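[1] okay, predicted coordinates and the sequence, questions at the end:
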Amino acid sequence: MALGRRLLAFIRLMRPPNCLMMGFAVLVGAVVASGRFPAELALELSLGFATAFTLLAASNALNDYYDREIDAINEPGRPIPSGLVRPWEALLLSALLTALGLSLAFMTSLKCFFLALLAITIADLYVTAGKKTGLLGNAMVSACVAVPFLYGSLISAGGITGLAALFASIAFTANLGREVNKGIVDVVGDAARGVRTVAVRWGERAAALLSALFYMTAVGLSFLPLAYGLVSPAYIPPIAVTDAGFAYASYSIMRDQSRENARKVKNSVLLWMTTGMVGFLLGALL
């Protein structure tokens, strides 16, 4: 029983649902860039999916190592503060996953390796130093969320197409809203550690306003692919759901900045980002 709980804690440390989304974003980027599913690149796409999954898992493990004191206040049930994972074990797991992810990227192509190296460097800089900068740190995380779309484009098109860059921009903006939103959830622990999030520096109301602004900017950007005829009508239904979700998230966080509601909104945004990726995929394929 104890071994099973420990194993589950290591899995939780990696946050598999988020990692799966990152891998899926690589596939979406590849389809968007080529306008089809490039079956002849199945091996490269599999490597790209695995690269995104493992590098995000590595970053998550490293993040929890550095956040262990904050999490002892904000999230005492997480793997490290709960005692199920020792700090050094999280560091070792992160190092092993980073080595694996970069090896997979190198096997894909040299361009992919350098983009993966850039992404994990930004992620690790955020975890070790950037987090305390607040909004700049939020932007660093969001850049890492946008990279998989560009990575997929590199695999299928050999470069970054305009549509892939546009979808990456939407993902960046939506996630920036989510990161600012997350600062409301973590405001107590962040304040204790000197993390200068928007919520800590200017209060939960200001963080809610900025978060809503980023969500609605993502909604505005989502109209551009249609306006320029870059996607098919199949893009519309999932994007309509996504935009409605972001609009409601904006309303909800502006109405109620309690920690409980901010957590609900933050979690719901992951769902809307997923339906958005479905829209990107269908709009490029059909």
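    Good, I have the coordinates. Residues are numbered from 1 along each chain as shown.

[2] what sits up against stretch 16-28?
    Residues from elsewhere that reach stretch 16-28 (CB atoms under 8 Å, 6 or more residues apart in numbering): 45, 48-57, 60, 145, 148-149, 151-152, 155, 167, 171, 270, 273-274, 277, 280-281. From N, CA and C alone the C-beta is placed, and that goes for glycine too.

[3] list the buried residues of the strand or helix carrying residue 271.
    Here residue 271 sits within helix 259-285, counting by DSSP states H and E. By neighbour count on 16 or more other CB atoms under 10 Å, the buried set for helix 259-285 is 261-262, 264-266, 268-269, 272-285.

[4] please apply the same query to stretch 236-254.
    Buried, per 16+ other CB under 10 Å, within stretch 236-254: 238-239, 241-243, 245-246, 249-250, 252-253.

[5] from those, which is closest to residue 207?
    Closest approach to residue 207 among the buried residues of stretch 236-254 (CB to CB): residue 253, at 8.4 Å.

[6] which of the buried residues of stretch 236-254 fall in helices?
    Among the buried residues of stretch 236-254, the residues falling in helices (DSSP state H) are 238-239, 241-243, 245-246, 249-250, 252-253.

[7] re earlier: for the helix holding residue 271, name the packing helices and strands.
    helix 16-34, helix 162-185, helix 204-221, helix 236-255 (3 or more CB pairs under 8 Å, 6 or more residues apart in numbering; DSSP states H and E).

[8] what angle separates the shortest one from helix 162-185?
    Spelled out, it's helix 204-221. 160 degrees (axes from the mean of the first three to the mean of the last three CA atoms, to 10 degrees).

[9] ok, then the element right after helix 204-221?
    Proceeding N to C from helix 204-221, the next assigned helix or strand is helix 224-227, under DSSP H and E.

[10] state the mean pLDDT of that following helix.
    Per-residue pLDDT values over helix 224-227 give a mean of 93.

[11] pull out the buried positions in that helix.
    residue 225.

[12] for stretch 150-158, same thing?
    Neighbour count says stretch 150-158 has 150-157 buried, by 16+ other CB under 10 Å.

[13] one more: stretch 50-63?
    50-63.

[14] distance from that stretch to the middle of the chain?
    Mean C-alpha position of stretch 50-63 versus that of the full chain (CA atoms, centre = their mean, to the nearest Å) differs by 11 Å.

[15] and if you look at stretch 12-25?
    For stretch 12-25, the distance to the chain centre is 9 Å (CA atoms, centre = their mean).

[16] would you mark the buried spots in that stretch?
    12-15, 18-19, 21-25.

[17] could you list the low-confidence segments of the stretch 151-286 of the chain?
    Within the stretch 151-286 of the chain, no stretch has pLDDT under 70.

[18] swap in 90 and give it another go.
    The model of the stretch 151-286 of the chain has pLDDT under 90 over residues 186-196, 285-286.

[19] next: the stretch 1-150 of the chain.
    Confidence mapping of the stretch 1-150 of the chain against pLDDT under 90 gives the ranges 1-7, 9, 18, 21, 35-37, 39, 67-77, 82-84, 127-132, 134.

[20] verify the stated contact: residue 182 with residue 264.
    No: taking contacts as CB atoms under 8 Å, residue 182 lies outside contact range of residue 264: 12.0 Å.

[21] which residues sit against stretch 177-195?
    Here stretch 177-195 has contacts from 69-71, 73-74, 131-132, 134-135, 137-138, 141-142, 197-200, 204, 207-208, 210-215, 217-218, 246, 249, 253, 257, 259, 262-263, 265-266, 269-270, 273, using CB under 8 Å, 6+ apart.

[22] repeat for stretch 100-108
    Defining contact as CB under 8 Å, 6+ apart, one finds that stretch 100-108 is touched by 44, 47-48, 50-55, 58, 112-113, 115-117, 120, 155.

[23] go with 6 Å
    Identification of contacts with stretch 100-108 by CB atoms under 6 Å, 6 or more residues apart in numbering yields 44, 47-48, 50-51, 54-55, 112-113, 116.

[24] now do the buried residues in it.
    Using 16+ other CB under 10 Å as the test for burial, stretch 100-108 gives 100-102, 104-106, 108.

[25] in TSV, list the residues you listed along with distance to residue 7 and secondary structure.
    Converted to TSV, the buried residues of stretch 100-108 look like this (distance: CB to CB, whole Å; DSSP: H, G, I helix; E, B strand; the rest coil):
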residue	distance to residue 7	secondary structure
100	18	helix
101	21	helix
102	25	helix
104	23	helix
105	27	helix
106	29	helix
108	29	helix
